[in-house]
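In: A predicted structure for the sequence below; I have some questions about it.
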Amino acid sequence: MFCFMFLLLLVTHMLLSSTYVAVVSPQDAVLHIGSSLTATCTLSPELGLHASTAYWTLNGVRLSSDTYSLVSSNVLSVTLHSLNGSRQQSGDNLVCHGADGSILDGSCLYVGMAPEKPVNLTCWSHNTKDLSCKWSLGGQGETHIRTKYTLKYKLRWHGKEKECENYSTVRQEYSCYIPSNIALFTPYEIWVEATNQLGSATSDITSVDILDVVTTDPPGNVQVSRVGNLEDQLTVRWASPPELKDILFQAKYQIRYRLEDSADWKVVDDVGNLTACRLAGLKPGTVYFVQVRCNPVGIFGSKKPGIWSDWSHPTAASTPNSERLQRASCSPRPGEQNTPLRRELKQFFGWVRKHTHGCSGMSIKLYDQWRVWLQKPHKTRNQIQQDNNS
């Protein structure tokens with residue numbers, strides 16, 4: 001874009017002037033990485049400028065005079081060897097300057113590679129209502145010049161070729177989203193075409209049956225509760241994804257849970273199509289974070305499993321620990337005002353004053369909500385704690 005704006009300003013200046021200042025040739029050269037280029041800057045003889053007073057820059061960096069050649073009194077050339085890939089996809093700026101640093105003329109150079117065949121094309125449908133596909137760049141990936149990626153698709157036997165329109169890119173992984181008009185009972189053929197000024201490449205064709213690549217929203221209304229006074233167990237309950245309630249399918253679920261101060265998740269695979277599960281063998285008096293996800297199976301009779309949904313938002317609960325609760329209700333002994341338990345209780349009650357709007361009711365659920373709050377960014381917690389202290 002910068003190179004385009006630069007040339008636009010130069011053209012505007014020349015149109016407004018009665019005579020040209022200089023002309024750089026070639027214009028908009030497209031070259032393979034490693035190529036060499038000789039460019040010339042031809043000065044207007046009417047201006048009385050001598051080419052020996054001019055100089056060249058590439059992307060704002062002055063080029064060595066060793067690369068120049070004085071062709072005539074009004075023509076100065078520069079030769080570039082073993083060109084690297086363009087630093088910006090809009091092109092590199094090769095500019096001819098006057099002795100005072102003024103810009104006489106310039107050109108965009110596009111140095112790169114032809115694209116290689118896109119790979120790893122995969123697709124999925126969200127609740128059978130749409131279609132999303134992603135792919136990776138082939139070979140080294142980066143072409144260094146502007147490259148267009150087009151996802152095309154059609155029904156296998158009688159469809160008209162169509163192009164996807166909603167593209168996005170994250171860390172060299174490309175994707176495209178088709179929001180509507182998806183056929184459910186006829187396979188699609190899908191492929192990606194990559195093109196730039198140096199060549200083109202096409203991915204392998206992927207055959208996709210929408211019913212085999214369905215994913216859902218995460219299960220909703222995930223609740224985690226204690227099992228009476230059992231100190232090593234929690235019960236997890238959730239609701240099936242509501243978007244699929246009218247579609248004939250069986251879901252299978254997974255649960256994962258972790259300790260509050262751990263990043264390691266433990267996964268429970270054998271949940272089946274149940275919507276409740278009891279976790280056992282837990283540590284007493286410990287806060288756990290729990291998530292659930294869904295895989296739709298047998299959508300409209302399909303024999304293939306679907307695709308796992310994202311995990312639900314974490315839900316927290318603590319296992320009972322009667323000994324700890326009794327200690328928390330005792331008056332502190334002399335010298336124990338600054339124990340970790342006292343500091344934790346002080347912080348907890350400060351949070352209660354901040355977030356319960358005057359409510360005085362205390363419950364384990366409220367304590368669990370506070371433990372979730374502790375997982376927020378450190379900066380946010382400190383700000384709230386300062387407010388409480390004030």
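Out: Looks like it came in fine.
In: drop to CA atoms for contacts and neighbour counts, all remaining ones
Out: Noted.
In: Residue 40: neighbouring residues, count only.
Out: By the criterion of other Cα atoms under 10 Å, residue 40 has 20 neighbours.
In: quick one: residue 84 and residue 31, what's the gap?
Out: Taken as Cα to Cα, to the nearest Å, the spacing of residue 84 relative to residue 31 amounts to 10 Å.
In: I should have written residue 268 there, sorry.
Out: Counting by Cα to Cα - residue 268 and residue 31 are separated by 55 Å.
In: between these two, which one's more packed in?
Out: Comparing residue 268 with residue 31 by other Cα under 10 Å, the one with more neighbours is residue 31, at 21 against 14.
In: give me the beta-bridge partners of the more buried one?
Out: In this structure, residue 31 bridges to residue 111 when assessed by DSSP bridges.
In: Where do the helices of the protein begin and end?
Out: Along the chain, the segments classed as helices by DSSP state H run 2-16, 322-329, 340-355, 364-373, 378-389.
In: Identify the residues contacting the residue nearest to residue 237 when sequence neighbours are not counted.
Out: Across the structure, with Cα to Cα, 6 or more residues apart in numbering as the measure, the residue nearest residue 237 apart from its sequence neighbours is residue 276 (4.3 Å). Taking Cα atoms under 8 Å, 6 or more residues apart in numbering as the contact definition, residue 276 lies against 235-238.
In: which of the residues you listed lies closest to residue 60?
Out: Nearest to residue 60, judged by Cα to Cα, of the contacts of residue 276 is residue 238 at 60.3 Å.
In: picking that back up, which neighbours do residue 84 and residue 31 share?
Out: Shared contacts of residue 84 and residue 31 (Cα under 8 Å, 6+ apart): 111-112.
In: Residue 47 touches residue 21, doesn't it?
Out: Yes: distance between residue 47 and residue 21: 7.4 Å, which falls inside the contact criterion (Cα atoms under 8 Å).
In: Between the two, which has more neighbouring residues?
Out: More crowded of residue 47 and residue 21, by other Cα under 10 Å: residue 21, with 20 against 11.
In: what's the distance between the residue lying closest to that one once chain neighbours are set aside and residue 104?
Out: Nearest residue to residue 21, sequence neighbours excluded (Cα to Cα, 6+ apart): residue 44, at 5.3 Å. As judged by Cα to Cα, residue 44 and residue 104 stand 10 Å apart.
In: of those two, who's got more company?
Out: Neighbours around residue 44 and residue 104, counted as other Cα under 10 Å, are more numerous at residue 104. The numbers are 21 against 18.
In: Mark out where each domain of this protein begins and ends.
Out: Here the chain is described, according to automatic domain parsing, as comprising the domains 2-112, 119-212, 218-318, 338-389.
In: Worst mean pLDDT among those domains?
Out: Mean pLDDT per stretch puts domain 338-389 lowest among the domains of the chain, at a mean of 52.
In: picking that back up, any shared contact partners between residue 44 and residue 104?
Out: Common neighbours of residue 44 and residue 104, counting by Cα under 8 Å, 6+ apart, are 21-22.
In: my read: residue 265 touches residue 258, true?
Out: Yes: with contact taken as Cα under 8 Å, residue 265 and residue 258 are classed as touching, separated by 4.8 Å.
In: contacting residues around residue 296?
Out: Shown here is residue 296, whose contacts under the criterion Cα under 8 Å, 6+ apart are 214-216, 249-252, 305-308.
In: Of all pairs in those, which one is the farthest apart?
Out: When the contacts of residue 296 are compared pair by pair using Cα to Cα, the two farthest from each other are 249 and 308, 14.1 Å apart.
In: got the CA positions of stretch 67-83 in CSV?
Out: Presented in CSV, the C-alpha positions along stretch 67-83 are these (Å, rounded to 0.1, in the frame of the first residue of the first chain):
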residue,chain,number,x,y,z
THR,A,67,26.4,-0.1,-7.6
TYR,A,68,25.9,3.0,-9.8
SER,A,69,26.9,3.4,-13.5
LEU,A,70,26.8,6.8,-15.2
VAL,A,71,25.3,5.9,-18.6
SER,A,72,25.3,9.5,-19.9
SER,A,73,25.0,13.0,-18.6
ASN,A,74,21.3,12.5,-17.9
VAL,A,75,21.1,8.7,-17.2
LEU,A,76,22.2,7.0,-14.0
SER,A,77,21.8,3.3,-13.5
VAL,A,78,22.0,1.0,-10.5
THR,A,79,22.5,-2.8,-10.4
LEU,A,80,21.2,-5.0,-7.6
HIS,A,81,22.4,-8.5,-7.3
SER,A,82,21.0,-11.6,-5.4
LEU,A,83,17.8,-9.8,-4.4
